[in-house]
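S.K.: below are the sequence and a predicted model; questions follow.
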Amino acid sequence: DAGVIQSPRHEVTEMGQEVTLRCKPISGHDYLFWYRQTMMRGLELLIYFNNNVPIDDSGMPEDRFSAKMPNASFSTLKIQPSEPRDSAVYFCASSLYTTDTQYFGPGTRLTVL
Amino acid sequence: QQQVKQSPQSLIVQKGGISIINCAYENTAFDYFPWYQQFPGKGPALLIAIRPDVSEKKEGRFTISFNKSAKQFSLHIMDSQPGDSATYFCAAMGNTGFQKLVFGTGTRLLVSP
């Protein structure tokens, strides 16, 4: 298996623009997680899905952030409008169960100017 | 109560030495304690994990020691190698409610040749 795939790997955008991050989980994994990593706050869970349904979005910082999982093999994290403080590395991870190993993708480094 | 406190923030160890990273938690409902290893530009990857029914788990040069009464657990890297230089995150997950990983703040390990 190719592992968790994320795109783009790097994104540079200007404040106010819409940003869409994409994730393809490992085939057969029922759980998908979106994390944000910054020096100040470390690794934060933003939202996670089970069988394409959002289960816990309490980590989503504000209404500018939204996530969808239209099918078992694809998820998006959208920021609209983006702000400089959104600059971070965003990781997608997937697992068979919540107590199973979470496999992380390579991340998307987002820079908002 | 959901926090996992990790120390030290950074660590320099000579090749062949022992690296020790400590974590502490408050939530007694946590029952799964993984350690993740992250290299620059990569996503975190599971290194080793333990459940509270054992006090120690060893995999190669990596050992987790778990003290349930003190609510502490630690990672020991024996015979540390330059290739072990990475950031290490402890994490914890509970067995009730929304099961999600809570990460420590990370320890940047540098093993000098």
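M.R.: Thanks, I have the structure now.
S.K.: can you tell if the lowest-mean-pLDDT helix or strand in chain B touches chain A?
M.R.: Between all helices and strands in chain B, the lowest mean by mean pLDDT, DSSP states H and E belongs to strand B:102-103, at a mean of 90. Yes - using CB under 8 Å from any CB of the partner chain, strand B:102-103 reaches chain A at residue B:103. The way it works is simple: take the backbone N, C-alpha and C, and place the C-beta from them, glycine included.
S.K.: touching, residue B:11 and residue B:112? I think so.
M.R.: No - the pair residue B:11 / residue B:112 is not scored as a contact, 11.0 Å apart, by CB atoms under 8 Å.
S.K.: between those two, point out the one with more neighbours.
M.R.: Using other CB atoms under 10 Å in any protein chain shown as the criterion, residue B:11 and residue B:112 rank with residue B:11 on top: 17 against 11.
S.K.: give me the pLDDT value at residue 79.
M.R.: This is for chain A. Per-residue confidence (pLDDT) for residue A:79: 97.
S.K.: ah, I was thinking of chain B
M.R.: 98.
S.K.: that one: which element?
M.R.: Using DSSP states H and E, residue B:79 is not contained in any helix or strand.
S.K.: now for it: which residues touch it?
M.R.: By CB atoms under 8 Å, 6 or more residues apart in numbering or on different chains, the residues touching residue B:79 are B:16, B:18, B:61.
S.K.: please work out how many residues are found near the closest residue to the second one other than its chain neighbours.
M.R.: Which is residue B:18. Once flanking residues are discounted, residue B:18 sits nearest to residue B:78: 5.8 Å by CB to CB, 6 or more residues apart in numbering or on different chains. Other residues within reach of residue B:78, judged by other CB under 10 Å, total 13.
S.K.: before we move on, what about residue B:49?
M.R.: Every residue meeting other CB under 10 Å relative to residue B:49 is counted, giving 17.
S.K.: residues in contact with it?
M.R.: Going by CB under 8 Å, 6+ apart, residue B:49 touches A:101, B:32-35, B:57, B:64.
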